[in-house]
Structure formats: C-alpha cells, structure tokens
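Peer 1: Model the following, please.
(one chain, ligands or ions: 1)
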Amino acid sequence: MLKPGQVIEVQIDRLAGGGDGVGRLKDGKVVFVPFSAPGDTVSIEITESKKSFYRAKILKILTPGASRREPICPVFGKCGGCTWQHINYSTQIQEKQNIVQYALRKFDIENFNPTQPNSDEFHYRNRIQVVRKNAQTHFRKRNSHELVEFKECYIAEPKINDILNSDDLPQEGDFEIGISRDDKPYIRPRGTHDPNSRFSQVNTKQNKVLLERVRTWVQKMNFSKSALELFAGNGNFTQVLAEFFNKVIAVEISRPSVESLKKLNHENIEAVCADVSTYQPQSKQIDLLFLDPPRTGVSRSFFDSTFHSLQFQYFIYVSCDPMTLSRDLEQFVKKGQHIYEVQTVDMFPQTDHVETLVLGGMSPRIT
Ligand SMILES: C[S@@+](CC[C@H](N)C(=O)[O-])C[C@H]1O[C@@H](n2cnc3c(N)ncnc32)[C@H](O)[C@@H]1O
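Peer 2: Okay, here's the model as predicted:
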C-alpha cells in the first residue's frame, strides 16, 4: 500500500464523475488525479491513501495524452470553476457519455443516445458570482475564502465580460453578474441569505435543447390527462407539459418560485408549494411523473411513502448527478418501470458536470 508523499508513474485511462483522471496502479487500486487527461503518462505524488483507492497530484506530465491541449484561461485550475479546459471538447463529450453510461450500467436501457454537445464550448454561462476588492474582480476558490483575480471569464456570456470590463461595477462587495431571461444585463449584490432566490438554468441556449427533448418525448405519449411535476422551479418544464396535458400539478418548495409558477397563467397548471419528501397528491393515478431534483436526488422518504401509492404510465427524470440518478432509478425499476431512453446533454462545457434525461414507463415502448 502506497503512503502519502510517495511518488510513482501512472497512465490515465479515463475521466471520472467529479472530473479527476483515473489510472490503475500495480497493486490493482485506482488513483484519482485532478487535472490529468486521458492518455497522459504522469509522475504523481500520492496525497491520500484509502482502502480501495488513492488520490494524487501531478508532479510532471511525462507524455501528454492525445486529448490534452493548452487551456485558454490564465486562471484555469486556480479559480475553482472549470475542471476540463485542458482536454479537447470532443473528448469532454465522449467522457461525459462514458461517465453516465458507467453510472447506469446495471440498468437495461433500450436506447442510449449520444451526448448532445453545446453549440459553443465557451461563453455559455448566463451568470457568474464575483467578489470586488480594491476595485479588482475576483472569483472565490471552491470551498474556500481565497480570492483569485481575473479579467475575463471564458465560459461566461460575452455580455457578462463586457460588464466586467466596464466602469459599472462597484468597487467593493459580492455580486452576481448576469443576463436576465429577457436578455438584459444585471449586477446584483449577493446576500448570505436571499429570501427571493430561485433556481434557473445557467445555460440559456442549451436549456432549449432540454425543453425540445422533453417536448419530443411527451408529444408521443398515448396518455395526456394528467402530469405530476416534482421540483418544478419557476416552471421551466411546466410550460412544455402544459402544452400536452389537461392538468399539470407542479410541486415546488421555494415560495418565490411557486409565485412565478402561479404567474404562468395557464388554466391547466396547479402550483403547489410543498416539500416533495412529505407531499401527498390528491389523485394517485397520473399519466406522467416528471422529476427534476437538485444534485442530491429524490429523498428516501418520498420513495418510502408517496411513491409506493403512485400509479403512472410514464416518467421523465432530469438529473444533474449521474450517481443519485442511478440510485433513484433503482426505485423505478423495482416498481416495474422500464427505461426506454437516456439522453445526456452538455450544459456545462469545460467542467465535468452533465445533465441527463431519462424517459421510462410501464406501457409498451413509444417510438
Ligand atoms: C434542479 S432545480 C429544477 C427546477 C426546474 N425544473 C428548472 O428546470 O428550472 C430543483 C428545484 O427543486 C426545488 N426543491 C429542492 N428541494 C425540494 C423539495 N424537497 N421539495 C420540493 N422542491 C424542492 C428547488 O427549489 C429547485 O427549484
């Protein structure tokens, strides 16, 4: 067993969820190496030694893998945002596909579609959070108070960088800079607790791809009376569901988001402010169960209670974490549901994050 501080060479075979490169050492254990690329041969120093794996940092790249490239951002690896800028985009897409396929390997999936890339691998984020100090702009490192000064963010929309280079920014403070849904730039102070905070997708263009995929699936369904949507947010998917279902019950915990849902003004949408973990729908028979939970997935208490009594023909699960998706899909399969189709979408180029949509159901396959 290797100890922290020991130096060794390894070849990186693939990338793992979480973003690290993975190699296998002679003792059979895998080692996770941040900022490595598939095909790299690297000299590494062990930083953590566990029963079944190691963690290590790169000391030297001995032979770069074919997918390795020079990152364009001068603060790459320092700011805590991007993890994969040093890997070409086609490999990023392939590795995302592999990560999700690996996470879902135990399921019988009829159709696993290729990952849908982003049209532009840079300049896609519609908001960033910055710290202004001494009239300079900084990112906060992930899980740290340390600041990293920067001039341009290569994954932010161009209009955000225009703001960064303007005189509009206050000299001191924490801010969110973004482009609103109606395409207006904004600078907002960030409080430690914002009672009006609500979820919205960070990649406006690619969100349309998600909506289109859902629309394609839903319009082929044989049943269209009722949909129960859990984790509805501000109604991003609710509006699409309302095009096809006579009634959509949209459940969301955040009060400001429920207010937005109510403003959608569709007669067939019923917005419910509730915690999914304890929510009990009036009708247990629905045509579609639609879920888009946060990274942590759906709570155990939902599966142990409400889920048992629900009867649905189809489900669509939108996930931003393949591991919690895999855990939750087991519950669907145990209930006798089939997995028809999986679609991965790259909403976050230059990072290891991947969005996955799953279509399943009880009824015969719809194609
Ligand atoms: C990933 S977001 C999806 C939002 C929406 N579907 C969208 O595309 O914009 C998850 C949403 O679930 C909500 N949420 C988190 N935990 C919840 C819970 N226990 N019960 C109900 N809603 C919850 C959050 O407030 C957030 O709006």
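
Peer 1: what's the closest non-adjacent residue to Q116?
Peer 2: Nearest-residue entry for Q116: V345, 4.6 Å, with adjacent residues in sequence omitted and distances by C-beta to C-beta, 6 or more residues apart in numbering. Just so you know, the C-beta spots here come from the backbone N, C-alpha and C atoms, and that holds for glycine as well.

Peer 1: Show me which residues of the stretch 51-200 of the chain are close to the ligand?
Peer 2: Applying C-beta under 6 Å from any ligand atom, we find that the stretch 51-200 of the chain lies next to the ligand at F199, S200.

Peer 1: In the stretch 51-200 of the chain, where is pLDDT below threshold?
Peer 2: Across the stretch 51-200 of the chain, residues meeting the criterion (pLDDT under 70) sit at 191-198.

Peer 1: How many neighbouring residues does the single nearest residue of it relative to the ligand have?
Peer 2: At 3.6 Å from the ligand, F199 is the closest residue in the stretch 51-200 of the chain, using C-beta to the nearest ligand atom. If you count neighbours by other C-beta atoms under 10 Å, F199 ends up with 15.

Peer 1: got a list of what the closest residue to it other than its chain neighbours touches?
Peer 2: In this structure, F199 finds its nearest non-sequential neighbour in G233, 4.6 Å apart by C-beta to C-beta, 6+ apart. Applying C-beta atoms under 8 Å, 6 or more residues apart in numbering to G233 gives the contacts R198, F199, S200, E252, S254, S257, D292.

Peer 1: neighbour-wise, which of the residues you listed leads?
Peer 2: Busiest of these [other C-beta under 10 Å] is E252, holding 27 neighbours.

Peer 1: domain ranges for the chain?
Peer 2: Following automatic domain parsing, one finds the domains of the chain at 7-68, 90-119+203-361, 127-189.

Peer 1: Between the two ends of the longest one, how far is it?
Peer 2: Using C-alpha to C-alpha, to the nearest Å, the span of domain 90-119+203-361 from its first residue to its last is 32 Å.

Peer 1: Using the three-state scheme, assign the closest residue to F223 other than its chain neighbours.
Peer 2: Nearest residue to F223, sequence neighbours excluded (C-beta to C-beta, 6+ apart): D287, at 3.8 Å. At D287 the chain is in strand, as set by DSSP: H, G, I helix; E, B strand; the rest coil.

Peer 1: Helices of the stretch 51-200 of the chain, residue ranges please.
Peer 2: According to DSSP state H, counting those that start in this stretch, the stretch 51-200 of the chain carries its helices in the segments 89-103, 158-164.

Peer 1: need the contact list for G65.
Peer 2: I12, A37, P38, G39, D40.

Peer 1: what's the burial count for the fourth one?
Peer 2: Neighbour count of G39, defined by other C-beta under 10 Å: 18.

Peer 1: quick one: secondary structure of it?
Peer 2: coil.

Peer 1: does it really touch R68, like I thought?
Peer 2: Yes. Contact criterion C-beta atoms under 8 Å: G39 and R68 qualify, at 7.4 Å.

Peer 1: And the residue nearest the centre of the chain, how far from M362?
Peer 2: Centroid-nearest residue in the chain, with C-alpha atoms, centre = their mean: C320, separated by 3.2 Å. Distance, C320 to M362, by C-beta to C-beta, to the nearest Å: 26 Å.

Peer 1: can you pull the contacts of the residue nearest to T324 when sequence neighbours are not counted?
Peer 2: Nearest non-adjacent residue to T324, counting by C-beta to C-beta, 6+ apart: G297, 3.0 Å away. By C-beta under 8 Å, 6+ apart, G297 lies in contact with S319, D321, T324, L325, R327, D328.

Peer 1: What's the per-residue pLDDT of the third one here?
Peer 2: So the one you mean is T324. As predicted, T324 sits at a pLDDT of 98.

Peer 1: which residues touch it?
Peer 2: Applying C-beta under 8 Å, 6+ apart, one finds that T324 lies in contact with P293, R295, T296, G297, V298.

Peer 1: same thing with the first one?
Peer 2: Taking C-beta under 8 Å, 6+ apart as the criterion, S319 is in contact with D292, P293, G297, L325, D328, E355, T356, L357, V358.

Peer 1: that older thread, dump the residue contacts of the residue of the stretch 51-200 of the chain closest to the ligand.
Peer 2: Contacts were defined as C-beta under 8 Å, 6+ apart; by that measure F199 touches G233, N234, S254, S257, P294.

Peer 1: Count the neighbours of the residue lying closest to the second one once chain neighbours are set aside for me.
Peer 2: This points to N234. Spatial nearest neighbour of N234, chain neighbours left out: S260 (4.0 Å); criterion: C-beta to C-beta, 6+ apart. Neighbour count of S260, defined by other C-beta under 10 Å: 19.

Peer 1: pretty sure F35 contacts I87?
Peer 2: No. Between F35 and I87 there is no contact under C-beta under 8 Å: 9.5 Å.

Peer 1: hang on, the earlier thing: show the buried residues in the contacts of T324.
Peer 2: P293, G297, V298 (16 or more other C-beta atoms under 10 Å).

Peer 1: quick one, phi psi at the first one?
Peer 2: Backbone geometry at P293, expressed as degrees, to the nearest 10, gives phi -70, psi 170.

Peer 1: list the contacts for the nearest residue to it once chain neighbours are set aside?
Peer 2: In space, and not counting its chain neighbours, P293 is closest to F231: 4.8 Å by C-beta to C-beta, 6+ apart. By C-beta under 8 Å, 6+ apart, the residues touching F231 are V251, E252, V276, L291, D292, P293, P294.

Peer 1: In those, find the pair that's most separated.
Peer 2: Pairwise distances across the contacts of F231 (C-beta to C-beta) peak at 13.7 Å, for the pair V251 and P294.

Peer 1: Who has more neighbours out of these two?
Peer 2: Neighbours around V251 and P294, counted as other C-beta under 10 Å, are more numerous at V251. The numbers are 21 against 14.
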